[in-house]
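[1] Predicted model, plus sequence, below.
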Amino acid sequence: MSSYINQFTNYLRSLPIHLPRTQQERLTLVLGTTAAVVTSLILPPLYRDYSLFISYGPGGVPSNVFGWMIVRGLFQPLRGEMFSTDIYLQRADALEGHGVGSEGFLTLAPEQARSVVDRPEVGPHAVPQRQLSQLPTDEIKEKLDARFRAFGRRNDHLIRFDRSRQEAHADAFFLANRLPPTDLAKATEGELAHLHSGGEYSAHFALSPADCKKVIEAGWGQRHGFAGTSALSLLSFGTKADMPAEYLLIYAPRNDAEIDTFIQLLEASIKYTTGREDVR
């Protein structure tokens with residue numbers, strides 16, 4: 001064994017290793033080594049983040065490297081906190097007497113709650129906002145899609161189907177043309193709710209302040225990252241209204257009972273966003 005070690009040592013000594021002697025050579029070596037180390041540390045997590053962004057599919061921003069750079073460079077610093085409910089206490093008091101009761105439209109039984117400790121994982125990007133865990137089976141997705149569309153047809157006196165302007169990948173509910181626009185409909189260009197039917201089957205829609213508090217505290221959703229912030233008006237240089245604080249991500253249901261609850265949330269949302277009680 002010692003002979004092999006001696007042979008290997010002699011071989012290393014015979015290699016024409018060039019050691020930097022000038023200050024310029026030493027500086028070049030330091031900069032090159034630093035660049036190699038930084039690159040090896042930064043590129044892998046950046047690539048994983050980019051791959052996760054692409055996995056969301058279409059969602060309001062280009063699903064490519066340019067969309068990813070825009071989201072990370074411009075959108076991400078504007079994202080707000082998504083779980084506190086204090087804002088809804090103030091909002092509920094302010095809206096009382098304007099067709100929105102301080103108790104809201106939603107009643108959830110204790111058994112309808114999801115875990116607030118074990119919430120689904122949601123992607124780290126400001127947009128698209130997507131659920132990553134606790135996903136439904138294909139069978140549950142088909143059932144939810146059918147129930148969502150049936151709800152829209154049943155309530156065509158209040159809402160209409162159109163391509164989502166916020167997501168650009170799925171049909172959404174818009175305020176019916178015959179109805180006067182509510183403040184929330186104006187802020188969202190008439191779009192009231194959309195289902196991420198091209199992906200994980202979570203949804204975005206708004207509820208009354210009191211109902212938002214119930215939904216977040218029952219583990220059924222969280223705010224959109226831009227909800228209640230000035231992100232949209234800043235990014236559009238004042239051409240768009242800010243997203244209301246009541247705009248929520250609703251988690252995807254995982255079984256038949258949760259589909260029933262999801263439709264119950266949707267019903268409360270349409271009552272709030274249309275200003276009408278005659279939801280069927």
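    Looks like it came in fine.
[2] Before we go further, residue 162 is sitting in a strand, right?
    Yes - note on residue 162: a strand contains this position according to DSSP: H, G, I helix; E, B strand; the rest coil.
[3] Enumerate every residue touching it.
    171, 172, 174, 191 (Cβ atoms under 8 Å, 6 or more residues apart in numbering). Any C-beta I mention is one placed from the backbone N, CA and C, and that applies to glycine too.
[4] Highest neighbour count among those?
    Within those, most neighbours by other Cβ atoms under 10 Å means residue 172, with 27 neighbours.
[5] Can you tell me, leaving aside adjacent residues, what's nearest to the most centrally placed residue in the chain?
    Closest residue to the average C-alpha location of the chain: residue 129 at 1.4 Å, with Cα atoms, centre = their mean. Closest residue in space to residue 129, ignoring its immediate chain neighbours: residue 249 at 5.3 Å, by Cβ to Cβ, 6 or more residues apart in numbering.
[6] Look up how far residue 131 lies from the one you found.
    Distance from residue 249 to residue 131, counting by Cβ to Cβ, to the nearest Å: 7 Å.
[7] Now do the domain split for this structure, please.
    For the chain, automatic domain parsing gives the domain ranges 2-55, 81-274.
[8] Need the winner for burial among those domains.
    For the domains of the chain, the largest average neighbour count (mean count of other Cβ atoms under 10 Å) is found in domain 81-274, namely a mean of 18.
[9] starting at the chain centroid, how far to that domain?
    11 Å (Cα atoms, centre = their mean, to the nearest Å).
[10] Endpoint to endpoint, that domain covers what distance?
    27 Å (Cα to Cα, to the nearest Å).
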